[in-house]
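Asks: Pasted the sequence and its predicted model underneath.
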Amino acid sequence: MENLLVAQNVSKSFGTFRALNDVSIQVPKGSIFGLLGPNGAGKTTFIRIINQITLPDSGQVLLDGVPLQPNHIQHIGYLPEERGLYKSMKVGEQAIYLAQLKGLSKAEAKVRLKHWFERLEIGDWWNKKIQELSKGMAQKIQFVVTVLHQPKLLIFDEPFSGFDPINANLIKDEILKLRDEGATVIFSTHRMESVEEMCDHIALIHKSNKILDGKLIDIKRAHRSNTYEIGLLAGDQSKVAAQLEAKFETTPATFKTINDELQYRIKIAPNESPNNLLTFLTTLGEVTHFEEVVPSANDIFIQTVKNN
Amino acid sequence: MNHLPLIIKREYLNKVRNKAFIIMTFLSPLLMIGIFSLVAYLSQLNNDKVRTISVLDESGWFANQFENKDNFKFNILKDIDLESAQKATQDSEVYGLLYIPKTASIDELSKKITFYSEDTPSLIVMDNIEDVIQSKANALKLTEAGLDAEQIKNLRVKIDTQLKTFGGEETSKLGSGLKLIFGGLAGYLLFMFIIIYGNMIMRSVIEEKTSRIIEVIISSVKPIKLLLGKIVGTSLAGVTQFVAWVVLLGVMSIVVPSILGIDVSSVQSQQQEALVQLQNNPGGMEGVVADVMKELPNLPVANLIVMFILFFIGGYLLYASMYAAIGAAVDSETDTQQFMLPMLLPLILAVYVGFFTVIEDPHGTVSQVFSYIPFTSPVVMLMRIPFGVPLWQQIISVVILFATFMGTVWFAAKIYRVGILMYGKKPSYKELIKWLKY
């Protein structure tokens, strides 16, 4: 798969503090790329380098195979975590101004804005001042302004903060739609459930270093623990339980059920087939539940950060 | 893709449409006219009051010297002793009592004259009275010495040096005065403009930070363009307001006094009288005007106008860019105080150098040096030009000025860029120097 954005050995220091250390990342075209990491890991610095707000001390960033240059800004849409709009300016006027700064003509900006305002059902805000809008309303405008110039690369830093669940969903759908229309999205967030839902690639930055990256599904496979969650209805529960605990590496599990069964997480050897486990379980009683435990992005995040 | 005109337009419209800006544009001339009218009205009130002063002259030398004037009336007391005179004066509406005792000689008199009044009398009253007594006493002394006062007057020689350049051009002291007035006015105008609109630029630079739009903007625009756009846009708004003020003031100074029925010319004519006396010009006000008109062609008018415009713009932009740099360094207006005074000091220094050194020696070393330093050149050079400065020197000074302006904007942009990365932290001077190295 072709990469839209490639960062090669990017390093950046502020005085004696090393904010990024030799970070290399590939963002495939048409993907939603999750840029993850604990607070202060260096994500924002990295995003600022992509946006040419700061320059890297060493290494380089390529967009479509070309080292970053000033006219690239019109191909990038950036929604920073620290965001706001000119409070005393009217919504429409302001959106047109910001679009013009990104290289759109006034007429073109107007047409596209009308379209977006209809799409998000905010048409009647055109002549309102930002200070008259609520925070969530202003965030919607901010989103429109970010995507209006149809950039190849969209960078969202915590896009859902400030939105209620309904609007967060709306924005999520819009992001997915934009991806389907051909945009590539870099997505920085702490909300792991949205990573799970949306991202197909991730990179994890911790203490200025990249410690993990790749396709989310590959990473999950690499982190699989060969653990299965089982539910078992047996006659003599304590006897069966003792038997299981003696034979396997087990941990207690809890899941919702209508039965009064034994619940366990059972780990098997990496090369062993789960069929063997299932067959064995059927000899002990009635199997009501059998599921592979897939590591969540959250688990991987916490585990990887702890291990480093 | 050129952002600069876009930014300038936004900044300009944003300022000009601001309600406070519009209100101040119309209110300020009204307030100024109002205050001026009030002063005129009050001084008229004061002038209308006639003060009566009783005079008890036991010496008999001065009684007939006191002439009634517009504001003073003298009431000469006779055949009365001091005590009853005091009593009579105290009980009446009279302003005060002047007592001149009888002495053997005039010399003895000097410390013995007393003025009795309810409160401390006004200085103007005392000056007036002392003048009358002094001139009479002088005349008396002259007579005593056997000299004729008229004769002495005729013996006096008055020198009025005629000034000419080697080129044969006639100049005059009045011309020098005019040159100073021009330079002073130019410097004062620049000073006012910087004080009024510099802050506006600073606030405008802080605006992106307080509204948190800074990262959005800075990912589309280079900081130096943003700052330049802000400086130019805000300055244009300032010029608009200034022009509006001049026009409004012009209109109102004609309309308002006629409505309020205040005779502004009476105040003016007093000032004109003072001017006439200063010039010692027998022709009165008309004579002075004629002299001024005669002098004007001797000034390098075209050169002055061109250089005034260049230095005014350059000087203003330089200081504006310094305000912008401060705005770039801080997060909110409250953090700006520590930077204000050090920034305005050079400007104050320029005005001092202009009014003391340039007057004394327009082409001395000090004047020359300060007319090249960009922070002082707009004032000092403008004051020097009427006295004749070679064109190449003026051009060098202008070039230095504009180069420094661009340098300061670059510097401010640098601070701005780094400031974004560390907002929340209050900058110290040490920190600022560190930022430059990033």
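Replies: Cool, got the structure.

Asks: what's the burial count for the residue in the stretch 51-200 of chain A positioned nearest to chain B?
Replies: Residue of the stretch 51-200 of chain A nearest chain B, by CB to the nearest CB: residue A:84 (3.1 Å). To be clear about C-beta, it is placed using only N, CA and C from the backbone, and glycine gets the same treatment. Residue A:84: 19 surrounding residues under other CB atoms under 10 Å in any protein chain shown.

Asks: quick one, what contacts it?
Replies: Applying CB atoms under 8 Å, 6 or more residues apart in numbering or on different chains to residue A:84 gives the contacts A:138, A:142, B:211-213, B:216.

Asks: Make JSON lines from the residues you listed and add secondary structure, distance to residue A:215 and neighbour count to it.
Replies: Output for the contacts of residue A:84, formatted as JSON lines (DSSP: H, G, I helix; E, B strand; the rest coil; distance: CB to CB, whole Å; neighbours: other CB atoms under 10 Å in any protein chain shown):
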{"residue": "A:138", "secondary structure": "helix", "distance to residue A:215": "35", "neighbour count": "20"}
{"residue": "A:142", "secondary structure": "helix", "distance to residue A:215": "30", "neighbour count": "21"}
{"residue": "B:211", "secondary structure": "coil", "distance to residue A:215": "39", "neighbour count": "19"}
{"residue": "B:212", "secondary structure": "coil", "distance to residue A:215": "35", "neighbour count": "16"}
{"residue": "B:213", "secondary structure": "coil", "distance to residue A:215": "36", "neighbour count": "24"}
{"residue": "B:216", "secondary structure": "helix", "distance to residue A:215": "31", "neighbour count": "25"}
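
Asks: so which of those comes closest to residue B:181?
Replies: residue B:211 (45.2 Å; CB to CB).

Asks: list the contacts for the closest one?
Replies: Residues near residue B:211 by CB under 8 Å, 6+ apart: A:84-87.

Asks: Tell me which residue lies nearest the centroid of chain B.
Replies: Closest to where the C-alpha atoms of chain B average out (CA atoms, centre = their mean) is residue B:188, at 6.5 Å.

Asks: Quick check: chain neighbours aside, which residue is closest to it?
Replies: Of all residues not flanking residue B:188 in the chain, residue B:351 sits nearest, at 7.9 Å (CB to CB, 6 or more residues apart in numbering or on different chains).

Asks: For the one helix or strand the one you found maps to, buried residues please.
Replies: Per DSSP states H and E, residue B:351 falls inside helix B:337-352. By neighbour count on 16 or more other CB atoms under 10 Å in any protein chain shown, the buried set for helix B:337-352 is B:339, B:343-344, B:346-347, B:349-351.

Asks: for the chain, which spans come out with low pLDDT?
Replies: Just going to use chain A. A:1 (pLDDT under 70).

Asks: Wait, chain B was what I had in mind.
Replies: Checking chain B against pLDDT under 70 turns up B:1, B:46-48, B:70, B:163, B:165-176, B:256-257, B:259-299, B:420-438.

Asks: ok, now which ones touch the closest residue to chain A within it?
Replies: Scanning chain B for proximity to chain A using CB to the nearest CB identifies residue B:212 as nearest, at 3.1 Å. Contacts for residue B:212 (CB under 8 Å, 6+ apart) come out as A:82-84.

Asks: Output the contacting helices and strands for the top helix by length along chain A.
Replies: In chain A, taking DSSP state H as the definition, the longest helix is helix A:165-180. When contacts are defined as 3 or more CB pairs under 8 Å, 6 or more residues apart in numbering or on different chains; DSSP states H and E, helix A:165-180 sits against strand A:32-36, helix A:135-147, strand A:153-157, strand A:184-188, helix A:192-198.

Asks: Can you tell me the SS state at the residue of chain B most remote from its centre?
Replies: Distance to the chain centre peaks in chain B at residue B:79, reaching 53.1 Å (criterion: CA atoms, centre = their mean). For residue B:79, the assignment made with DSSP: H, G, I helix; E, B strand; the rest coil gives coil.

Asks: ranges for the strands of chain B?
Replies: B:51-57, B:72-77, B:96-100, B:114-117, B:163-164, B:170-171 (DSSP state E).

Asks: got CSV for those, with distance to residue B:220 and mean neighbour count too?
Replies: As requested, those are exported to CSV (distance: least, CB to CB, whole Å; neighbours: other CB atoms under 10 Å in any protein chain shown):
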stretch, distance to residue B:220, mean neighbour count
strand B:51-57, 73, 21
strand B:72-77, 74, 17
strand B:96-100, 77, 22
strand B:114-117, 75, 16
strand B:163-164, 61, 12
strand B:170-171, 58, 13
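
Asks: can I get those in a markdown table with distance to residue A:266?
Replies: Formatted as a markdown table, the strands of chain B follow (distance: least, CB to CB, whole Å):
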| stretch | distance to residue A:266 |
| --- | --- |
| strand B:51-57 | 115 |
| strand B:72-77 | 118 |
| strand B:96-100 | 116 |
| strand B:114-117 | 114 |
| strand B:163-164 | 113 |
| strand B:170-171 | 110 |
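
Asks: Who are the contact partners of residue B:333?
Replies: Taking CB under 8 Å, 6+ apart as the criterion, residue B:333 is in contact with B:202-203, B:206.

Asks: Would you agree residue B:355 is in contact with residue B:191?
Replies: No - in this structure, residue B:355 is not within contact of residue B:191 by CB atoms under 8 Å, at 11.8 Å.

Asks: hey, what's in contact with both of the two?
Replies: Shared contacts of residue B:355 and residue B:191, counting by CB under 8 Å, 6+ apart, come down to nothing at all.

Asks: more crowded one of the two?
Replies: Neighbours per residue, other CB under 10 Å: of residue B:355 and residue B:191, the larger number sits with residue B:191, 19 against 16.

Asks: re the thing from before, starting at the chain centroid, how far to the longest helix of chain A?
Replies: 13 Å (CA atoms, centre = their mean, to the nearest Å).

Asks: cool, stretch A:156-169 as well?
Replies: Taking the mean of its C-alpha atoms, stretch A:156-169 sits 13 Å from the chain's own mean (CA atoms, centre = their mean).
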